[in-house]
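Engineer: give me a 3D structure for the following:
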Amino acid sequence: MLFIDELHTLVGAGGAEGAIDASNVLKPALSRGEIQCIGATTFDEYRKYIEKDSALERRFQSVAVEPPSQEQTIEILKGLRVKYEEHHRVKITDEAIKEAVELSTRYIPSRVQPDKALDIIDEAGARVRLGSLTKPPDLADIEEKIELLGVEKEAAVRGADYEKAADLRDQAEKLRAEKDRVQKEWRDTMSEISGTVDEEVIAEVVSKITGVPLTRLEEAESARLLQLEAELHQTVISQEEAVSQVSKAIRKARSGLKDPNRPMGSFVFVGPSGVGKTLLAKALAEFLFGDQDAMVYLDMSEYMEKHTVSRLVGAPPGYVGYEEGGQLTEQIRRRPYAVVLLDEVEKAHPDVFNMLLQIMEEGRLTDSFGRKIDFRNTILIMTSNIGADLIKGGQSFGFGKREEVQDYDSMKSSLMSEIEKFFRPEFINRLDDTVVFRPLVKDDLYSIIDIELKKVCERLKAKGMDLELDQKAKDYLIEMGFNPDFGARPLRRAISTYVEDPLAEALLGGEYEPGVKLLLTHEEGADHLKFDSTDMPADTAEPKEAEAATD
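Structural biologist: Predicted structure coming up:
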């Protein structure tokens, strides 16, 4: 029985001018039954090469080999388990095999069984094996002593002290014999079973391959997830409802209770400009990945025209940019565990929403290459300013006292009616929640100004300086930076105008040297802040770079 792998390579192989290729050489023998042959190829290669040669296609009976089911894959892996256990010198449990099949089916959709499950078992066995291969510490000590004796012996020979050289040679021989004994014991130990591949090791391997955190929740992370609202409120001020909804989605996903066929969460954030919609998405990315920039950010004003919509999944064949892939799908293919932020989504062309329906319901999207991109481990956040004019100024619904729940409910009801006018029903129906952000009031800015000033202080500390504002200075900045129509952004501009600009001029003019602490206050009637300086304590006056270098 002749087996030919990659059968399509026979078509055209060896064919040159005046010659015949390998497939034509085989045809007579195949038609007369002189060769019993099985060939293997893929559907795409079969269509591309073999179907074009109808004579060759007629001589083979095509048999479609489908991937096995999960139950069949488990049986295949159990049959191959002995081979992998002998190769890696580990024990593979039944639970590990089951976990490898289930996790690979769920989190590695681009490949098929049993190939991907076998790879995970193989890598997990190697991981456990390598973890046990630690060199004995006494072996390293013996090698170091042998090397030292060799140096001393050469010195003795150069000094014509042959008796000492002979003595050192004998000592080295004894140590080499000891080294051989220790190495033999180590090899004997290595030949024994050195560990167990269990479901936790499998989860760790799949997590490394996909970037999705699948390892068992530790107590520290569980406690942190329970306090997620408090952590997010350190960055996002006065948006309890929004923070609560997003926190619930994260906890549900990490505890394993979310719908496995949908994204971790699909939200539309609506509210006036500058109240923290984009900031909450960045804070969430920082909580999950340790970096605010670790998210997929798309400004939807770039997708306002119909022909730009295809950039999300990639240009069609024949168009410029086809080989580059989609701006959304390529990023998720490389990092399937991510926060996807579609900023100011109301500016996008309506066809974008049709494309998002598949992500929100089935957790996948097909790109221009025909690959199915998995969105099941993403959080989809869309920000919008729809209906912001209804709550302009923060007082339209009686927000003089923000604790009145009926005012918030009235505002939310009006915004939802605006959203229902803008978005199609099938889009709204697939959202997990529409989160309405409250407008900021003056009291909120006192918390926000501390966060913004802390960033300025961090930049100054890198130069060996410190910054402190008294209450009068903060009151003045808030007075100049409070505009209920525009949220917190005017405050940031006020800090830039009244703190950063004069400070930059003073630093360039050489007025302040490293080691000073700047004190800012405001005198009544003045249109600027007053700068004073004092010396910092000696132990805090060094720039951060110097501290890091000494560490």
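
Engineer: identify each buried residue in stretch 20-30, please.
Structural biologist: Buried residues in stretch 20-30, counting neighbours by 16 or more other CB atoms under 10 Å, are found at 23, 24, 26, 30. The way it works is simple: take the backbone N, C-alpha and C, and place the C-beta from them, glycine included.

Engineer: among these, which pair sits farthest apart?
Structural biologist: Using CB to CB, the buried residues of stretch 20-30 span at most 10.7 Å, a distance reached by 24 and 30.

Engineer: tell me how far the nearest residue to residue 209 once chain neighbours are set aside lies from residue 210.
Structural biologist: Leaving aside its sequence neighbours, residue 209 sits nearest to residue 108 (CB to CB, 6 or more residues apart in numbering; 6.9 Å). Using CB to CB, to the nearest Å, we find residue 108 at a distance of 7 Å from residue 210.

Engineer: about what we covered before: from the buried residues of stretch 20-30, which is closest to residue 476?
Structural biologist: Closest to residue 476, out of all of these and judged by CB to CB, is residue 23, at 85.3 Å.

Engineer: could you check the pLDDT of that closest one?
Structural biologist: Among the per-residue scores, residue 23 shows a pLDDT of 81.

Engineer: name the helix or strand for it, please.
Structural biologist: Using DSSP states H and E, the element containing residue 23 is helix 22-32.

Engineer: which residues touch the helix or strand just after that helix?
Structural biologist: Moving toward the C-terminus from helix 22-32, the next helix or strand (DSSP H and E) is strand 37-40. By CB atoms under 8 Å, 6 or more residues apart in numbering, the surrounding residues in contact with strand 37-40 are 1, 2, 3, 4, 5, 6, 7, 26, 30, 60.

Engineer: mind running it again at 6 Å?
Structural biologist: By CB atoms under 6 Å, 6 or more residues apart in numbering, the surrounding residues in contact with strand 37-40 are 2, 3, 4, 5, 7.

Engineer: how about the residues you listed in TSV, adding pLDDT?
Structural biologist: Listed next are those as TSV, based on pLDDT from 0 to 100:
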residue	pLDDT
2	85
3	89
4	85
5	88
7	84
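
Engineer: low-confidence stretches in the stretch 1-150 of the chain?
Structural biologist: Residue ranges of the stretch 1-150 of the chain with pLDDT under 70: 14-19, 134-137.

Engineer: as a check, name the ranges of all strands in it.
Structural biologist: Using DSSP state E, counting those that start in this stretch, the strands of the stretch 1-150 of the chain run over 2-5, 37-40, 91-92.

Engineer: centre of the chain to the last one, how far?
Structural biologist: Between the mean C-alpha point of strand 91-92 and the mean C-alpha point of its chain there is a distance of 31 Å (CA atoms, centre = their mean, to the nearest Å).

Engineer: each with direction, which strands does that strand pair with?
Structural biologist: Strand 91-92 has the following strand partners under DSSP bridges: strand 196-197 (parallel).

Engineer: average pLDDT for the strand it pairs with?
Structural biologist: Strand 196-197 comes out at a mean pLDDT of 88.

Engineer: check stretch 251-265 too.
Structural biologist: 80.

Engineer: domains in the protein, by residue range?
Structural biologist: 2-58, 137-190, 219-436, 442-550 (automatic domain parsing).
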